[in-house]
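this is the structure alone, sequence omitted:
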C-alpha cells in the first residue's frame, strides 16, 4: 500500500491517530483494575500482590497486567507531543509542554492527591504518575530543541542505562530520590512519598516523542506495521534473554520456586519504582504488538475505548474519585465508618481498615461496573471537546 493512502487510515478527521487513542484508552481501562484492587481487595491490606511467598497466580497476574499502564501512558504522551509539534513550531510546542507540565504537577498535589486520600489537610503528598508526566513534559520541552538523533540517544541512554545507578545511594537526599530511588520523607506535619523517580520516565517520554515520527503521513502504513512487529519482537526477546542471564536490567533477580508455576512468576516479577529496563521491555513489547494490528480496528467497542483515550486526564481524575466514593460506601456497608476511608497513609497501609475487603471476584465485578458507568460520561466529554475546539482550556483536561 502506498503512503498516499496512509493519512485516511491513520488519522481521524480531527487528525488524531486513532490507534494511539485506542491503546491509551485500553491501558486506562486496565489501570482502573489496579486501583479498584487497592480499595476493595481484602488481601491488598495484607501483602503485596507480587510477594511470591503470599500471592496466588490470579492475584499476581491481576497486578502484572496493569504494569503496562504507566509506561505506555508516558510513552504515548511523548508521541502525542511529536504529533502536536507537526502543527506547531518547536518554540510553541516547548511553551505548551512547560505549561501543561506545570499544570499536571499542580493537579497531582491538589485534586489528584485529595482524590486518593479524601483528606483536606494533605498530610501525605504522593509523588506519583501525574507528577512524572508533568516533569517529563517539562524535560521534553527542553530536549526537543536538540537534533532528533540527540533526543533519541538521550532517551535510550536513560531507559537502557539507568539500572547502572541501582547501587548508587545518597541517604537522605530527596533530590536523588526524585531522580532514581523510591523513598519516604518527613517534613514537619507532611509525609512525602516519592513513588515515581523520574529519570527512566523522562527517557520513555523522549523515546515516545521520537516514536511519533513513525506516524507522519509519508511513513506508510505497511512500513510502520513491519517496524512495530520488529520492535515488539525485539523488546520481548531482549527481555527473555536478560532475565535468563539474570544479571543487568532489573534489581530483582528471579529464582527457582517451590513449583514451576511460581518459578515463572518469579521470572516475570520485575521492578517498577523506578521502572527497570526489563519492566519497560515486557510492557512496551506488547504495546507495540497491539499498535501493529490496531490501526484499522473499527466497531462500537473500539469507538468507546478510543473515546476514553481522547480524554485521559478527565478519565483519570473521575475514576479516582468514583473508586474512592464506592469504597467508602462499601466500607460503611460492612461495618466500617466513612472516616475510615480518609487517609494519612496510602490506602492499603491504613490500620483503620483491618478486616475490610472483598474477594478478587468482587474486585473484577466492581471494575467492570465502574468502566460501564464511566464510559458514557467520557464519551460525552469527548464529544464536547470536539465541538468546542476553540476553548483553549479543554487541552488541559
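Received, thanks. Since the structure is predicted, the reported quantities are computational estimates derived from the model, not experimental observations.

in the one helix or strand residue 126 maps to, what counts as buried?
Residue 126 belongs to strand 124-127 when assigned by DSSP states H and E. Residues of strand 124-127 classed as buried: 124-127 (neighbour count, 16 or more other C-beta atoms under 10 Å). Every residue, glycine included, has its C-beta placed from N, CA and C.

out of those residues, who's nearest residue 48?
Using C-beta to C-beta, residue 126 is the member of the buried residues of strand 124-127 that sits closest to residue 48, with 17.5 Å.

from memory the closest one sits against residue 119, does it?
No - counting by C-beta atoms under 8 Å, residue 126 sits too far from residue 119 to count as a contact (11.2 Å).

so residue 185: helix, strand or coil?
strand (DSSP: H, G, I helix; E, B strand; the rest coil).

let me know the pLDDT of it.
Residue 185 carries a pLDDT score of 94 in this model.

how about the nearest residue to it, chain neighbours excluded?
Leaving aside its sequence neighbours, residue 185 sits nearest to residue 192 (C-beta to C-beta, 6 or more residues apart in numbering; 4.5 Å).

is it correct that the one you found is in contact with residue 125?
Yes - if you go by C-beta under 8 Å, residue 192 and residue 125 touch, sitting 4.8 Å apart.

how many other residues sit next to residue 393?
8 (other C-beta atoms under 10 Å).

is it in a helix, a strand, or coil?
helix.

equivalent analysis for residue 53, please.
coil.

what's it sitting at in phi/psi?
phi -80, psi -10 (degrees, to the nearest 10).

how far away is it from residue 243?
Using C-beta to C-beta, to the nearest Å, one obtains 20 Å as the distance from residue 53 to residue 243.

neighbour count winner among the two?
It is residue 243, of residue 53 and residue 243, that has more neighbours when counted by other C-beta under 10 Å, with 21 against 9.

give the contact list for the more buried one.
249-250, 254, 267, 278 (C-beta atoms under 8 Å, 6 or more residues apart in numbering).

cutoff 6 Å now
Neighbour list for residue 243: residue 267 [criterion: C-beta atoms under 6 Å, 6 or more residues apart in numbering].

what helix or strand is it on?
helix 221-245.

for that helix, which residues meet the burial criterion?
221, 224, 227-228, 231-232, 235-236, 238-239, 242-243.

so, low pLDDT: which residues of this protein?
The model of the chain has pLDDT under 70 over residues 1-15.

regarding it, what is its longest helix?
Criterion DSSP state H: the longest helix present in the chain is helix 360-387.

just the element for residue 192, please.
strand 190-194.
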